[in-house]
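Q: pasted the sequence and its predicted model underneath.
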Amino acid sequence: MPRNSKLAPLWITIALVVAVAIYSARKTHSSGLGPAPDFKLPLLNGQELQLSSFRGKVVLLDFWATWCDPCREETPHLVDLQNRYADRGLQVIGVSMDDTPDPVRNFYQQFHVNYPVVMGTAKIGEQYGGVLGLPIAFFIGRDGKIYAKKMGAQSPESIEQEVKKLL
């Protein structure tokens, strides 16, 4: 027997594991993590926003709060993304997990937010897998499926990369 014949089963196993990992990653990206739970929540002006009305657009759904320092740091980047990619079909939607809308209205004006912000609830947090920390961003494709979930502070480059994958 040649010397390398004992290593053949190991190499076959490694190749299979790599192939399965690549297939799974492509399948997850192409099929998404499942449909984004639809909701109808109040905007800061009292009107309601329904997520499913944005079908056909790429949605960056950002769970955040005014008291969350990483959220405050990410907001200018989300404003910039909305400015740069709106014409290509991006819609950022903020879901504030603050208790009342008053601090959110002040934040909205202070940071010149250019995308809709709704007041979130514990129920909507649960529907999205639990909001155990903020910020949490969901990247939703034009088909209404979630393609990525990012927990915690992300670099502007990381957020933009996820958006570009879906545009």
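A: Structure's in. What do you need?
Q: now do stretch 106-123, average pLDDT.
A: Mean per-residue pLDDT for stretch 106-123: 97.
Q: what does it rub up against?
A: 39, 41-44, 49, 63, 66, 72, 75-76, 78-79, 82-83, 91-98, 101, 104, 131 (CB atoms under 8 Å, 6 or more residues apart in numbering). For every residue, glycine as well, the C-beta is placed using N, CA and C.
Q: likewise stretch 51-59?
A: 36-40, 61, 85, 89-93, 138-144, 163, 166-167.
Q: before we move on, the earlier item: which among the contacts of stretch 106-123 count as buried?
A: The neighbour-count test (16 or more other CB atoms under 10 Å) marks 39, 41, 44, 49, 63, 66, 72, 75, 78-79, 82, 91-98, 101, 104, 131 as buried among the contacts of stretch 106-123.
Q: what about the residues you listed, which are in strands?
A: If you go by DSSP state E, the buried ones among the contacts of stretch 106-123 have 41, 49, 63, 91-96 in strands.
Q: can you pull out the helices in the chain?
A: In the chain, the segments counted as helices under DSSP state H are 8-31, 69-85, 102-110, 122-127, 156-166.
Q: which residues does Gln82 contact?
A: 90-92, 114-115.
Q: show the pLDDT at it.
A: Looking at Gln82, its pLDDT stands at 98.
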